[in-house]
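>>> Need a 3D model of the sequence below.
(chains A and B)
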2 protein chains.
Amino acid sequence: MQILDGKAAAQAIKNELKIEVAQMSIEGKKKPHLAAILVGKNGASETYVARKVKACEEVGFKSTLIRFEEDIYKIRVLEEIEKLNNDPDVDGILVQLPLPKHISNEEVINAIDPDKDVDGFHPITAGKMMQGAATFVPATPCGIMLLLDHFKIQTDGKHAVVIGRSNIVGRPMSILLSNNSNPGNCTVTICHSHTKNLNEICRQADIIVAALGKPETITAEMVKEGAVVIDVGITRITDASKKSGFRLIGDVHYETVAPKCSWITPVPGGVGPMTIAALLKNTFLSCKMKN
Amino acid sequence: MQILDGKAAAQAIKNELKIEVAQMSIEGKKKPHLAAILVGKNGASETYVARKVKACEEVGFKSTLIRFEEDIYKIRVLEEIEKLNNDPDVDGILVQLPLPKHISNEEVINAIDPDKDVDGFHPITAGKMMQGAATFVPATPCGIMLLLDHFKIQTDGKHAVVIGRSNIVGRPMSILLSNNSNPGNCTVTICHSHTKNLNEICRQADIIVAALGKPETITAEMVKEGAVVIDVGITRITDASKKSGFRLIGDVHYETVAPKCSWITPVPGGVGPMTIAALLKNTFLSCKMKN
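Here you go, the predicted structure:
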């Protein structure tokens, strides 16, 4: 069994980006610039945004964090997005989800200029991806594709089973893996809460992407010997033995599944770091397209 | 074995539309209006467009057919689309594909106002569909969903195998069947030219959608007893015994497969008529949204 080490792969991508940014600077070009909007004080959102900002610093990107109070008017958020859309220095705009209930995710996301939609959530970005055109791919599926590529995992003709049909992970993942590309060209089965014989379907998989958001649901008897397992789940559970008071577990029961796998992502240190690397890569590409 | 009679289902939809259009007329509202652009003199394209225009007449829609010579400049086609976009009387615009080689399909499709994109090929329309939002669904997959609905085929929790990953049939089909909707909520496997064990995968299917474009490829040993089989393929083969000199065959070997099925679409008279019914329905919805 080998580890799909997301931390190492993300570091490799960040190192490449660092060199490219340094080169751009020598050529007198502007730095890539990511602007993030955070509304309210959700603990997990704070952590995610802080990591994204830190990652920008690491690779030499400029970043701007715009914070709003929980009770901000929607129109103010939309005005801010309009300003960022029109700012030629800004290459990527991300709005950390979820937003407070009185603000429609959809309306805010749709306000982002698709050319700066580095999270890939705008319908036109999603549509281009679906049609196989060059565009920004949502960070998590993009990160998983980069991870498969980094470790040279063979995907062509393999049977991939994607568990979860969300717009930000499962659905785009199923499309990317079945596209005529490398990585890609998998036969893909997409499973979800209405799937009846999940165990049986999973046992056929050469590649499993678990993105159902239910901790430790994928157990050893669901996994074929030699499978590649990608665990997208992250759930915090209290653990008095940890300094933080909690630990992170995935959707896969790692202890029993890992010995059967050819490759498996750890949690943490698997998909998580790749998601941030993918966001940086999207921002870099956006900057490069404009310069 | 029962026939998924597309001709009958399409007629039922057309009858409903006819009544609705008559009602609109009583209320003093304008008729739904479909504008079609046809470039060049491709035989199959001529037939398809003629059928669409005829179907509009049948249900009381207005239709406009704009014809261009094979060697028309791209800019003229784009100007025409712009004019139709700005014409408040036009509800739906379709460009019959394929276009001559010197005109980019993509550029022309992207020029259509998404609010009039009744073929559902614009990236923003595709993206909305992928994200499960209300939008125009491409005519063939939309027609198949209407067909399943018309004959009350149970899909929830079933395993559907879609063969083909094209942007106009296979890909949207796989998304619609796996969406949280009715019909929908299938576990969906998408297969294509790189799929290795197609026979084995098909044998697991409760529902097969054959959209690979290779005549009579799906044979009896690939189909489980009691499966529902949807045949999207249409290939003309010469047949001296026919007045026209040819007959149409599908991607399914009908003679041997049909006896094993619970339901099957004939070719012709299955998916074909439903595609046109779906286009009419999209045009009607577009008109209704604006009035």
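>>> mind listing the strands for chain A?
Assigned by DSSP state E, the strands in chain A fall at A:2-3, A:33-39, A:62-68, A:92-95, A:159-163, A:187-191, A:207-210, A:228-231, A:235-238, A:246-249, A:263-264.
>>> Looking at those, spot the one closest to chain B.
strand A:187-191 (4.2 Å; CB to the nearest CB). For glycine as for every other residue, the C-beta is placed from the backbone atoms N, C-alpha and C.
>>> what about the closest one, average pLDDT?
Strand A:187-191 shows a mean pLDDT of 98.
>>> which secondary structure elements does that strand contact?
strand A:159-163, helix A:170-178, helix A:198-203, strand B:187-191 (3 or more CB pairs under 8 Å, 6 or more residues apart in numbering or on different chains; DSSP states H and E).
>>> now the angle between strand A:159-163 and the second one, please.
Relative orientation of helix A:170-178 versus strand A:159-163 (axes from the mean of the first three to the mean of the last three CA atoms, to 10 degrees): 170 degrees.
>>> And the pLDDT at the closest residue to A:Leu78 other than its chain neighbours?
Closest residue to A:Leu78 apart from its sequence neighbours, by CB to CB, 6 or more residues apart in numbering or on different chains: A:Ala111 at 5.3 Å. A:Ala111 carries a pLDDT score of 98 in this model.
>>> Can you pull the residues of the stretch 101-250 of chain A lying near chain B?
The stretch 101-250 of chain A has residues A:106, A:122-133, A:156-157, A:159, A:165, A:167, A:171, A:174-175, A:178-180, A:185-192, A:194-197, A:201 near chain B, with proximity defined as CB under 8 Å from any CB of the partner chain.
>>> Pull out the buried residues from those.
A:122-132, A:159, A:165, A:167, A:171, A:174-175, A:178-179, A:185-192, A:194-195, A:201 (16 or more other CB atoms under 10 Å in any protein chain shown).
>>> What is the burial count for A:Glu70?
The number of residues packed near A:Glu70 is 12, by other CB atoms under 10 Å in any protein chain shown.
>>> Please name the nearest non-neighbouring residue to it.
The nearest residue in space to A:Glu70 (CB to CB, 6+ apart) is A:Gly40, at 3.8 Å.
>>> A:Glu57 now?
Spatially, and ignoring its direct neighbours in sequence, A:Glu57 is nearest to A:Ser63 (7.0 Å; CB to CB, 6+ apart).
>>> Bridging across strands, which residues link to the one you found?
Beta bridges link A:Ser63 to A:Leu34, judged by DSSP bridges.
>>> Contacts only, for it.
A:33-36, A:52-53, A:56-57 (CB atoms under 8 Å, 6 or more residues apart in numbering or on different chains).
>>> Low-confidence stretches in chain A?
Judged against pLDDT under 70, chain A has no low-scoring part.
>>> Break it down into its domains, please.
Following automatic domain parsing, chain A resolves into domains at A:28-113, A:139-272.
>>> what's the most buried one of those domains?
Ranked by mean neighbour count under mean count of other CB atoms under 10 Å in any protein chain shown, the domains of chain A are led by domain A:139-272, which reaches a mean of 20.
>>> Would you agree A:Lys14 is in contact with A:Ala277?
Yes - the criterion here is CB atoms under 8 Å, and A:Lys14 meets it with A:Ala277 at 6.2 Å.
>>> More neighbours: which of those two?
With neighbours defined as other CB under 10 Å, A:Lys14 and A:Ala277 compare such that A:Ala277 has more, 28 against 19.
>>> Need the overlap of contacts for A:Lys14 and A:Ala277.
The contact sets of A:Lys14 and A:Ala277 overlap at A:Ala55 (CB under 8 Å, 6+ apart).
>>> Give me the contact list for stretch A:48-57.
A:14, A:34, A:36, A:38, A:62-63, A:65, A:94, A:96, A:276-277, A:279-280, A:283.
>>> now it, how far from the centre of its chain.
14 Å (CA atoms, centre = their mean, to the nearest Å).
>>> What of stretch A:149-157?
Its chain's C-alpha centre and that of stretch A:149-157 lie 18 Å apart, by CA atoms, centre = their mean.
>>> Mind listing residues that contact it?
Against stretch A:149-157 from outside (CB under 8 Å, 6+ apart): A:2, A:4, A:9, A:12-13, A:148, A:177, A:182-187, A:207, A:228, A:263, B:194-196.
>>> one more time with 7 Å, if that's ok
Residues outside stretch A:149-157 that contact it (CB atoms under 7 Å, 6 or more residues apart in numbering or on different chains): A:4, A:9, A:12, A:148, A:177, A:182-186, A:207, A:228, A:263, B:194, B:196.
>>> Ends of it, what's the gap?
Using CA to CA, to the nearest Å, the end-to-end distance of stretch A:149-157 comes to 16 Å.
>>> try stretch A:221-239
End-to-end distance for stretch A:221-239, by CA to CA: 27 Å.
>>> before we move on, what about stretch A:96-108?
11 Å.
>>> Now do it: distance to the chain's middle.
On CA atoms, centre = their mean, the centre of stretch A:96-108 falls 19 Å from that of its chain.
>>> and if you look at stretch A:120-133?
Put simply, stretch A:120-133 sits 15 Å off its chain's centre (CA atoms, centre = their mean).
>>> next one: stretch A:260-271
15 Å.
>>> residues in contact with that stretch?
Counting by CB under 7 Å, 6+ apart, A:1-7, A:140, A:143-144, A:151, A:153, A:220, A:223, A:225-234, A:248-250, A:254, A:257-258 sit against stretch A:260-271.
>>> Would you mind measuring from the residue nearest to A:Glu57 to A:Glu69?
21 Å (CB to CB, to the nearest Å).
>>> Can you check the distance spanned by stretch A:94-101, start to finish?
18 Å.
>>> Contacts for it, please.
A:34, A:36-40, A:45, A:48-49, A:70, A:105, A:108-109, A:118-119.
>>> so how far is A:Ser166 from A:Val228?
Counting by CB to CB, the gap from A:Val228 to A:Ser166 is 21 Å.
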